[in-house]
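>>> Here is my input, please return the structure:
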Amino acid sequence: FRNITKLINANGIALFLMDYSQVRAIKYIVNGREIRSNIDRPGPMEQFLYDEGRRIHIIKLQGYLFFARSHQVIVQLEPLFETMRNSGQHFVLIDFKGVAGIDSTAVMGFVQLRQMAEEVGGELVFSGLTEESKVDLDKSELSAERVKYLDDLNQGLAYCEDQLLIGHDDLRRDKVSASE
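This next block holds a predicted model:
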C-alpha cells in the first residue's frame with residue numbers, strides 16, 4: 001500500500017510538472033516605446049526615449065519558474081538577443097513581479113541569459129524579485145556586480161532610460177526657438 005501511494009504521488013507530481021511547463025513563463029515582451037517609466041521628462045528627452053525605446057526590451061514573467069520554464073524563456077529570447085548583436089547599447093529588463101517562486105534549477109537559465117546579453121553587448125536588469133529570490137540569484141553568477149537589481153518595473157524602466165540618456169545633456173531643456 002505504501003509503495004502504491006508513493007507511485008501515485010510521483011505520477012501526480014510528474015503530471016503537474018508536465019502540465020505546468022505548458023503554461024508560458026513569459027506573459028509578454030514589449031519595448032521601451034510601448035512602456036515607459038512614470039518620470040516626467042522634458043519634451044526633447046521624451047522624443048529621444050521614444051526614438052531609442054527599441055533598445056529597452058521588457059520581459060514580464062509569470063508563474064513558478066523551474067528548469068523547463070526557464071528553458072522556455074531562453075528559447076523565446078534567443079532571437080531577441082540576435083537582433084541586439086552589433087546594434088549599440090541594449091537593455092533586457094526582466095520583471096519578476098508575477099513570479100510565484102524560482103527553483104534552483106531555473107537559476108542556471110538566468111545565468112545563461114546574462115551570458116547571452118553580455119555576448120551581444122546588452123545589460124540584464126531584474127525587477128520585482130522577492131528578497132528570497134534575490135538572495136538565491138545573487139549566490140550564482142548573477143551577483144549585483146553583473147546584473148542590476150531594482151525593486152519594481154518602474155524603477156527598472158527609469159534606470160534603463162537614464163542609461164540611454166547619458167551623454168545627451170543637450171536634451172535636458174526644452175529647445176527655445178531663435179525667434180523667442
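
>>> and V111, what does it touch?
Applying C-beta atoms under 8 Å, 6 or more residues apart in numbering to V111 gives the contacts S140, E141, L142. C-betas here are computed from N, CA, C, even on glycine.

>>> Let's see the ChimeraX selection covering just the buried ones among those residues.
Filtering the contacts of V111 down to the buried ones (16 or more other C-beta atoms under 10 Å) takes a single ChimeraX command:
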select :142
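
>>> Of the contacts of V111, just say which sits nearest to G43.
L142 (37.3 Å; C-beta to C-beta).

>>> quick one: the closest one and L113 touch, right?
No - L142 is beyond contact range of L113, at 9.1 Å (criterion: C-beta atoms under 8 Å).

>>> Find the residue at the geometric middle of the protein.
Nearest to the geometric centre of the chain sits I94, at 1.2 Å (C-alpha atoms, centre = their mean).

>>> Confirm that one sits in a strand?
Yes - counting by DSSP: H, G, I helix; E, B strand; the rest coil, one finds I94 located in a strand.

>>> The nearest residue to it once chain neighbours are set aside: neighbour count?
Distance criterion C-beta to C-beta, 6 or more residues apart in numbering; nearest residue to I94, sequence neighbours excluded, is I59 at 4.8 Å. When counting by other C-beta atoms under 10 Å, one arrives at 20 neighbours for I59.

>>> Which helix or which strand is home to I59?
Secondary structure from DSSP states H and E places I59 in strand 56-65.

>>> what lines up beside that strand in the sheet?
According to DSSP bridges, strand 56-65 forms sheet pairs with strand 26-31 (antiparallel), strand 90-102 (parallel).

>>> Packing partners of the helix or strand following it?
The helix or strand immediately downstream of strand 56-65 is helix 67-84, counting by DSSP H and E. For helix 67-84, the elements it packs on are helix 2-21, strand 26-31, strand 56-65, strand 90-102, helix 104-119, judged by 3 or more C-beta pairs under 8 Å, 6 or more residues apart in numbering; DSSP states H and E.

>>> how does it look with 10 Å?
helix 2-21, strand 26-31, strand 56-65, strand 90-102, helix 104-119, strand 122-127 (3 or more C-beta pairs under 10 Å, 6 or more residues apart in numbering; DSSP states H and E).

>>> just checking, L61 touches L93?
No - here L61 does not reach L93: they are 11.1 Å apart, not a contact under C-beta atoms under 10 Å.

>>> where do the contact lists of these two overlap?
The contact sets of L61 and L93 overlap at F126, G128 (C-beta atoms under 10 Å, 6 or more residues apart in numbering).
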